[in-house]
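Trainee: Could you look at this predicted model? Sequence included:
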Amino acid sequence: MAGPTVGFWQEKFDAGQTLWDRGQPNPQLAAWLDAGVLAPCRIAVPGCGAGYEVVELAGRGFRVTGLDYTPAAVQQARQRVDALPPAQRANARVLQADVLAWQPDEPLDAVYEQACLCALHPDLWTAYAAALARWLPAGGRLFALFVQVARPGAAEGRIEGPPYHCDINGMRALFPDATWEWPKPPYPRLAHPAGIAELPVVLVRR
């Protein structure tokens, strides 16, 4: 398989080298929730990591499925879910799964894509985008945070990561207008403590 393996990510968790981890939910998720842009529904969080967003969504009444293929991430996320009050805990599950092969057992209303795409080698992006299109019926929404981490090697055609740079032109090609409805730019730029940035964009499945 191209790019980082399960073992690669397991070593990062075991060594505490998780610079992407804010220690809390992404502030953009709170902004979408507080503005009512994202309301309780059936939602998946691929590449959920330590599970902060899974817990936040469950606490706000969502039926949420967190997905990760790294054992340490799944363990941490499940521990956070287990600490929720029973009614909220019943709305959440965390599965150890390969997002390229997983299929929801019922149609989803939304997907929250924060860190999965940028963690996958670009060779796998087409398969991942196809998976997201399968998960969502027409009208389903993809809440995406496209990571901006351009590196000097890009000028020589190098593919460097993770995280991999999610150039907005590449994202338009990966999630084409024939399949996804895009909002008009410009998109806000959200700074990350690790020195990168994210572009929050909400796409609607056609």
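Mentor: Alright, I've got the coordinates.
Trainee: quick one: contacts for residue 6?
Mentor: 69-71 (C-beta atoms under 8 Å, 6 or more residues apart in numbering). C-beta here means a position set from N, CA and C on the backbone, and glycine is covered the same way.
Trainee: Which secondary structure state is assigned to residue 72?
Mentor: Following DSSP: H, G, I helix; E, B strand; the rest coil, we place residue 72 in the helix state.
Trainee: tell me the contacts of it?
Mentor: Taking C-beta under 8 Å, 6+ apart, one finds 9-10, 13-14 in contact with residue 72.
Trainee: closest to residue 58 among those?
Mentor: Distance to residue 58, by C-beta to C-beta, is smallest for residue 13 among the contacts of residue 72, at 21.7 Å.
Trainee: returning to that earlier point: counting neighbours, which of the contacts of residue 6 comes out on top?
Mentor: Neighbour count (other C-beta atoms under 10 Å) singles out residue 70 as the most crowded of the contacts of residue 6, with 25 neighbours.
Trainee: Give me the next element, helix or strand, following the helix or strand of the chain with the lowest mean pLDDT.
Mentor: Of all helical and strand segments in the chain, the minimum by mean pLDDT, DSSP states H and E falls on helix 6-14, at a mean of 86. Using DSSP states H and E, the next helix or strand after helix 6-14 towards the C-terminus is helix 27-34.
Trainee: Buried residues in that next one, which are they?
Mentor: Buried residues in helix 27-34, counted by 16 or more other C-beta atoms under 10 Å: 28-29, 32-33.
Trainee: Then stretch 85-103?
Mentor: 88, 91-94, 96-97, 99, 102.
Trainee: for stretch 176-192, same thing?
Mentor: 180, 187, 190, 192.
Trainee: ok, residue 143 to residue 112 distance?
Mentor: 5 Å (C-beta to C-beta, to the nearest Å).
Trainee: Find the residues that touch each one of the two.
Mentor: 29, 38.
Trainee: For these two, indicate the residue with more neighbours.
Mentor: Taking neighbours as other C-beta under 10 Å, residue 143 and residue 112 compare with residue 112 leading, 28 against 20.
Trainee: and the more buried one, helix, strand or coil?
Mentor: strand.
Trainee: Now do the contacts for it.
Mentor: Contacts of residue 112 by C-beta under 8 Å, 6+ apart are 29, 38, 43-45, 53, 57, 143.
Trainee: Residue 166 and residue 152, how far apart?
Mentor: 17 Å.
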